[in-house]
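*Asks:* Here is the input, now give the coordinates:
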Amino acid sequence: MDKSNGYEDIADRFIESRGRNMKGIGSSSVREWARALPQGAAVLDLGCGTGIPISKVLMDEGMAVYGLDVSITLINEFRKNFPNAPVVCEAVEDSSFFNRKFDAVIAWGLIFLLPEDSQVKVIQKAAAALRSGGKLLFTAPYQKTEWTDVMTKQLSRSLGAEQYSKLLAASGLTLLEEFEDEGENHYFHAIKPNIT
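*Replies:* So this is what the prediction gives:
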């Protein structure tokens, strides 16, 4: 099974078309989200790709970014772009997430690429990797739907807002808000409540 969901096969094309756009869709929404995080926060970027634009935006806002992607080609490009940032080539559903806790986890354009059972596992693992008060931000269509990814020709699926909300709650997270960016990407923003 191709854990990159077709992205390793099209990595060079992805790099040319999307992987170098410093002001790509979503960057302004991620920037606004990052500005609410503590300065120097440790942020895990799941499915980081080349690191552009998401990891770069986070770094520009003073975050300590850790990248994770299963495509070796995209990871190599990430390493060229950010030689000092920790990054590993692993499937998100199998990763140890650096065996550490994070102030925030972001999964931009990733969750819906995974099979349903992997989506559940990744959200649970992201919740477990968050410190108390940590935040999770991920994108997935609001409605429950399936479609063929334009670039990879692989099946993509959204579990839908109702199911994601239930999954977040079952993982110990509180959904703070949902919103959309200029590209009509739907965001789910959750927090791990402080334990008192």
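
*Asks:* From here on, just use CA atoms for contacts and neighbour counts.
*Replies:* Noted.

*Asks:* Longest strand in the protein, please.
*Replies:* When the chain is parsed with DSSP state E, its longest strand is strand 130-139.

*Asks:* Check which element follows that strand along the chain.
*Replies:* Toward the C-terminus, strand 130-139 is succeeded by strand 145-148 as the next helix or strand (DSSP states H and E).

*Asks:* can you list contacts of the longest strand of the chain?
*Replies:* Contact partners of strand 130-139, identified using Cα atoms under 8 Å, 6 or more residues apart in numbering, comprise 101-112, 126-127, 185-195.

*Asks:* make it 7 Å
*Replies:* For strand 130-139, the external contacting residues (Cα atoms under 7 Å, 6 or more residues apart in numbering) are 101-109, 185-195.

*Asks:* Partner strands of it, with direction?
*Replies:* strand 102-107 (parallel), strand 186-191 (antiparallel) (DSSP bridges).

*Asks:* where exactly do the helices run in the chain?
*Replies:* 11-17, 27-34, 54-60, 72-81, 116-129, 161-170 (DSSP state H).

*Asks:* Quick check: buried residues in the fifth one?
*Replies:* Under the neighbour-count criterion of 16 or more other Cα atoms under 10 Å, helix 116-129 has Ser118, Gln119, Val120, Lys121, Val122, Ile123, Gln124, Lys125, Ala126, Ala127, Ala128, Ala129 buried.

*Asks:* can you pull the alpha-carbon coordinates of that helix into CSV?
*Replies:* C-alpha atoms of helix 116-129 as CSV (Å, rounded to 0.1, in the frame of the first residue of the first chain):
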residue,chain,number,x,y,z
GLU,A,116,-11.2,6.5,7.4
ASP,A,117,-9.5,4.3,10.0
SER,A,118,-6.2,6.2,9.5
GLN,A,119,-8.0,9.6,9.9
VAL,A,120,-9.4,8.4,13.2
LYS,A,121,-6.0,7.1,14.3
VAL,A,122,-4.2,10.3,13.3
ILE,A,123,-6.6,12.6,15.1
GLN,A,124,-6.3,10.5,18.2
LYS,A,125,-2.5,10.5,18.0
ALA,A,126,-2.5,14.3,17.4
ALA,A,127,-4.7,14.8,20.5
ALA,A,128,-2.4,12.6,22.6
ALA,A,129,0.7,14.5,21.4
